[in-house]
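Novice: sharing a model that was predicted from the sequence below.
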Amino acid sequence: MNNIMINLNTNINQEMRLFIDYSEECLHTIKKLKNTKIKEAWTKPLISENEDDTPQLLIDPKNTKLIKITPTDPREIIAIDASVMRIADSGKGTVIALRGSIIHRSNNIKVEIIGPMMRYISYEGMTSTSNIESTIKTELKIFERLIQLYAASKTKNAIMLLDHSLTVAPDKPGSLLLEMLEAASSNSNIVMAFSKDSGIILSGNALYSIDNDADPPFIIDLTGSIRYKSPSLKLAGNTYLSRLSKQLFPYRVDVYPRSAALQGFGSLLSSDALIYGYPETLSIAHSMCAFTWLDVVGLQRALVEDTASILIDEPECRVALLSPFS
């Protein structure tokens, strides 16, 4: 499976080199499974929304300002998302599969799929299940940032829609995020990251809105009124609480460059459908990168073929005892 990109005989542009290098790394890790016994798995890691930057504290809501949004000139929409799935386990590690999607929306819709790529993660040095989940989450972040960097480098004058926030941590995903934002800005792109969970706490409660009487679409600038729990985390861009439709949900939206926020929201209103205030194109990106049962079966068979591993069907205690309720 990972050989597909490595064995390309066509000309490869500089942006695609990102995935060639990453694919070669994945292939190197998979070789460690040569002639080993592996157990079937089909589980999505427990990766929570905004885990790294929750909670944030709203210092003084009186300093926030409600801003009405009106449609402006439309732009091309680029929505990016990625997903991860555990597909097999061995006694010394686990195998994950990664897939990303890029959705282009202007006069029509174009879909790019990156992956799936399989990667082996060793349990060496890990002491708990949380260590495994954290390592898988970091791997997903790196993969997703590479896709975002690829899209930012080859696209101009577009609205780039991302999942989660623009929180910069002192790690590899954080450095890739900064590199991606620089590439996006140099190509006159506006990056907008939507969080389904705002991660912002006001007086001990999750923040959904400050002015419930205002008529959408509007945004509330929270940039100067929030701080992170950890001093090692920083925010790239401005943070807003957005209410872009009358139905149901507000969302936290981080925007970069800071000066382009109003232009970005206005162009988004003109360029994309909003489902409960959430961009439809970003929902499509999420759907297109998701794994199905057939995907997992195919990847497991490819893994066995590439590594000469033995796939064993070991019964699960929980399933045996609690089915069909587990």
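Specialist: Right, received. Where do you want to start? Residues are numbered from 1 along each chain as shown.
Novice: who are the neighbours in contact with the residue nearest to residue 238 when sequence neighbours are not counted?
Specialist: Using Cβ to Cβ, 6 or more residues apart in numbering and skipping the chain neighbours, the partner closest in space to residue 238 is residue 223 (4.4 Å). Quick note: C-beta positions are derived from backbone N, CA and C, even for glycine. The contact partners of residue 223, by Cβ atoms under 8 Å, 6 or more residues apart in numbering, come to 235, 238-240, 258.
Novice: how close does residue 223 get to residue 269?
Specialist: 21 Å (Cβ to Cβ, to the nearest Å).
Novice: next one: residue 147
Specialist: The value you get for residue 147 to residue 269, if Cβ to Cβ is used, is 26 Å.
Novice: state the number of residues packed around the nearest residue to residue 158 once chain neighbours are set aside.
Specialist: Excluding the flanking residues, the one nearest residue 158 by Cβ to Cβ, 6+ apart is residue 76, at 4.3 Å. Close neighbours of residue 76, defined as other Cβ atoms under 10 Å, add up to 17.
Novice: thinking residue 76 is in contact with residue 161, fair?
Specialist: No. Residue 76 is beyond contact range of residue 161, at 11.1 Å (criterion: Cβ atoms under 8 Å).
Novice: listing request: residues of the stretch 1-150 of the chain with sub-threshold pLDDT.
Specialist: 1-16, 40-63, 128 (pLDDT under 70).
Novice: where do the strands of it begin and end?
Specialist: Applying DSSP state E, counting those that start in this stretch to the stretch 1-150 of the chain gives strands spanning 37-43, 56-58, 65-68, 76-90, 93-105, 109-122.
Novice: which one's more surrounded, residue 147 and residue 269?
Specialist: Higher neighbour count among residue 147 and residue 269: residue 147, with 26 against 17, using other Cβ under 10 Å.
Novice: what's near enough to touch the nearest residue to the more buried one once chain neighbours are set aside?
Specialist: Sequence neighbours aside, residue 100 is the residue nearest to residue 147 in space, at 4.2 Å (criterion: Cβ to Cβ, 6+ apart). Taking Cβ under 8 Å, 6+ apart, we find residue 100 in contact with 80-83, 113-115, 143-144, 147, 289.
Novice: can you pick the most crowded of those residues?
Specialist: Result: residue 80 is most packed of the contacts of residue 100 (other Cβ under 10 Å), 28 neighbours.
Novice: that one bridge partners, please.
Specialist: residue 102, residue 162 (DSSP bridges).
Novice: measure it to residue 35 for me?
Specialist: For residue 80 relative to residue 35 (Cβ to Cβ), the value is 38 Å.
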